[in-house]
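A.B. asks: Next come a sequence and a model predicted from it.
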Amino acid sequence: MADADVRATRLAALKQEAEAQMRRPAPALGEGGPAAKRARRGGGGGRGGGGAEAADGGEEAAGAPVPIQRFNYGAPLALLAGAPCLLLTCAMQREVSATKEAVELIRPRLPPGVAVSSVKAGCRGVALLLLQRKGQAAPGGEQEPPTDAAPAPAGAAPAKGGGGAEGDGAAAVAAAEVDAVGIAASILADIESGKLPRCRFVERIGPVATTCALRADALRAAAEAVCGAYVAGLAAAPTEGAPIEFAVAYKSRESDSGPRAAPAGEPGQGGAAESGKEGGGGGKDEKGAAAAAAAGQAGEAAYPQRGEIISILAGAMTAAAGGHAKVNLKSPSATILAEIVPVLMNDRWQPLAALAAVDTARLIAVKSRGLQVRTVSKP
């Protein structure tokens, strides 16, 4: 038998064995060439494999897959400076699927020149999407600036940038340029009216008007900006006879994250706590373990706690309303959303505060167990 016949016989046997294992016919190889590669619909499978970077201003063809890239690891610097975001909640280990699904809903509602990038959050069942300008190079120069990026709106404020030694070239869009509350409310309204089907993976889409470091002074400044913008947007200014009735919806999502970093500007405390946890020696050095525990407690105390955070937010709303505001937990007309989310920064988890002030009727469900953003998922 000729060599060609032997080779053909072996290939046929190999193909038959492969088809038996795959339980389907093998793809045609054409005229002896390799099989064409299938178009990838996404990159980086699994948790931590990829985030969304998919707002092209509607330039893609209808039904085209959402392009997926790696997380924007330079985003935390923009978040520390304050940036609008959208906070997604979903089932655990469905973060990537929820991100893809949400980007398809968010993309048509973005202003020209704005894109979405995914931030690595240290909690399960949560995806944080940063709204930023297109055409900014990703950290390390991984992303090419698009040539067809639309110009920024006339009169827009300059972008805030983190840059410098951290290599963050992606500047966040100023909160005034992107209405995260309006985007989230628009999606919810379309879903509740039946214009859009309910989501398969995304449970809630929470708006974030701005972000800040988890420090009392940073929280106070961010809360004053958020509450001031909310009161300025009201149709009628609050008065003594018609005060703003508000409530604070607070949620900390730090339980699934690793050791917390020190507060921004206080690198020593968090580092001592982390090194104490890793260098305990399995309990062999009790004195060292006790010192590490004390350092950890000192680091925890440096962060404002739940009661202090709520007090800061309530004070900001009262001040923005000129004193014409009161707390109403049962039927508030306004709700201040406060989420504490750990974000990866310098290989450690840095807790950040995500804030927004919204009309309760637009987005919030008032329940006996508290205030929550209304769901967009299937029942």
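C.D. replies: Happy to help now that I have it.
A.B. asks: can we go C-alpha only for contacts and neighbour counts from here?
C.D. replies: OK.
A.B. asks: Check the secondary structure at Glu17 for me.
C.D. replies: helix (DSSP: H, G, I helix; E, B strand; the rest coil).
A.B. asks: burial count for it?
C.D. replies: When counting by other Cα atoms under 10 Å, one arrives at 12 neighbours for Glu17.
A.B. asks: With Lys330 instead?
C.D. replies: By other Cα under 10 Å, 14 other residues sit near Lys330.
A.B. asks: give me the element the spatially closest residue to it that is not a sequence neighbour is part of.
C.D. replies: Distance criterion Cα to Cα, 6 or more residues apart in numbering; nearest residue to Lys330, sequence neighbours excluded, is Val366 at 7.2 Å. According to DSSP states H and E, Val366 maps onto strand 364-367.
A.B. asks: From the rest of the structure, what touches the helix or strand that comes right after that strand?
C.D. replies: Next along the chain after strand 364-367, taking DSSP H and E as the criterion, comes strand 370-373. The contact list for strand 370-373 (Cα atoms under 8 Å, 6 or more residues apart in numbering) reads Arg204, Ile205, Gly206, Ala249, Leu363, Ile364, Ala365, Val366.
A.B. asks: thinking again about what came up before, what residues of the strand holding Val366 count as buried?
C.D. replies: If you call a residue buried by 16 or more other Cα atoms under 10 Å, then strand 364-367 has these buried ones: Ile364, Val366.
A.B. asks: and it, what other elements does it pack with?
C.D. replies: Where contact means 3 or more Cα pairs under 8 Å, 6 or more residues apart in numbering; DSSP states H and E, strand 364-367 is packed against strand 370-373.
A.B. asks: Rounded mean pLDDT for the strand it packs on, please.
C.D. replies: On average, the pLDDT along strand 370-373 is 93.
A.B. asks: repeat for stretch 11-19
C.D. replies: In this model, stretch 11-19 carries a mean pLDDT of 84.
A.B. asks: quick one: Ala334 and Leu214, what's the gap?
C.D. replies: As for Ala334, its distance to Leu214 is 23 Å (criterion: Cα to Cα, to the nearest Å).
A.B. asks: among the contacts of strand 370-373, which two are most distant?
C.D. replies: Distance extremes for the contacts of strand 370-373: the farthest pair is Ile205 and Val366 at 16.2 Å, using Cα to Cα.
A.B. asks: one step back: please list all residues in contact with the residue nearest to Lys330.
C.D. replies: Lys330, Ser331, Gln372.
A.B. asks: hmm, back to that, now the contacts of strand 370-373 in a markdown table, with pLDDT and distance to Gly125?
C.D. replies: Below are the contacts of strand 370-373 laid out as a markdown table (pLDDT from 0 to 100; distance: Cα to Cα, whole Å):
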| residue | pLDDT | distance to Gly125 |
| --- | --- | --- |
| Arg204 | 97 | 11 |
| Ile205 | 97 | 12 |
| Gly206 | 97 | 13 |
| Ala249 | 96 | 19 |
| Leu363 | 97 | 20 |
| Ile364 | 97 | 20 |
| Ala365 | 95 | 20 |
| Val366 | 93 | 22 |
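A.B. asks: Nearest to Ala78, out of those residues: which one, please.
C.D. replies: Distances from Ala78 to the contacts of strand 370-373, taken by Cα to Cα, are shortest for Gly206, at 18.9 Å.
A.B. asks: What is the neighbour count of the residue nearest to the closest one when sequence neighbours are not counted?
C.D. replies: Nearest residue to Gly206 in three dimensions, chain neighbours excluded: Leu87, at 4.9 Å (Cα to Cα, 6+ apart). Leu87 is flanked by 19 other residues according to other Cα under 10 Å.
A.B. asks: For Leu87, pull up the helix or strand it's in.
C.D. replies: Using DSSP H and E, the element containing Leu87 is strand 85-90.
A.B. asks: Likewise for Lys251?
C.D. replies: Applying DSSP H and E, one finds Lys251 within strand 244-252.
A.B. asks: Which strands and helices lie in contact with that strand?
C.D. replies: Counting by 3+ Cα pairs under 8 Å, 6+ apart, strand 244-252 packs on helix 306-320, strand 325-327, strand 334-345, strand 370-373.
A.B. asks: just the ones you listed: most buried one?
C.D. replies: strand 334-345 (a mean of 24; mean count of other Cα atoms under 10 Å).
A.B. asks: That one - contacts with which helices or strands?
C.D. replies: Counting by 3+ Cα pairs under 8 Å, 6+ apart, strand 334-345 packs on helix 75-81, strand 244-252, strand 348-359.
A.B. asks: relative orientation of that strand and strand 85-90 in degrees?
C.D. replies: 90 degrees (axes from the mean of the first three to the mean of the last three Cα atoms, to 10 degrees).
A.B. asks: So that it lines up with my notes, have the first residue be 586 from now on.
C.D. replies: Got it, the first residue is 586 from now on, which makes the last one we talked about strand 919-930.
A.B. asks: In PDB, please show the C-alpha coordinates belonging to strand 919-930.
C.D. replies: This file holds the C-alpha atoms of strand 919-930, laid out as PDB (Å, rounded to 0.1, in the frame of the first residue of the first chain):
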ATOM      1  CA  ALA A 919     -35.500  61.000  48.000                       C
ATOM      2  CA  THR A 920     -33.100  58.200  48.700                       C
ATOM      3  CA  ILE A 921     -29.300  58.500  49.100                       C
ATOM      4  CA  LEU A 922     -27.600  55.300  47.900                       C
ATOM      5  CA  ALA A 923     -24.300  54.500  49.500                       C
ATOM      6  CA  GLU A 924     -22.400  51.300  48.600                       C
ATOM      7  CA  ILE A 925     -19.000  50.400  50.000                       C
ATOM      8  CA  VAL A 926     -17.200  48.400  47.300                       C
ATOM      9  CA  PRO A 927     -13.600  47.000  47.500                       C
ATOM     10  CA  VAL A 928     -11.600  47.700  44.400                       C
ATOM     11  CA  LEU A 929      -8.200  46.200  43.500                       C
ATOM     12  CA  MET A 930      -5.500  48.800  43.800                       C
END
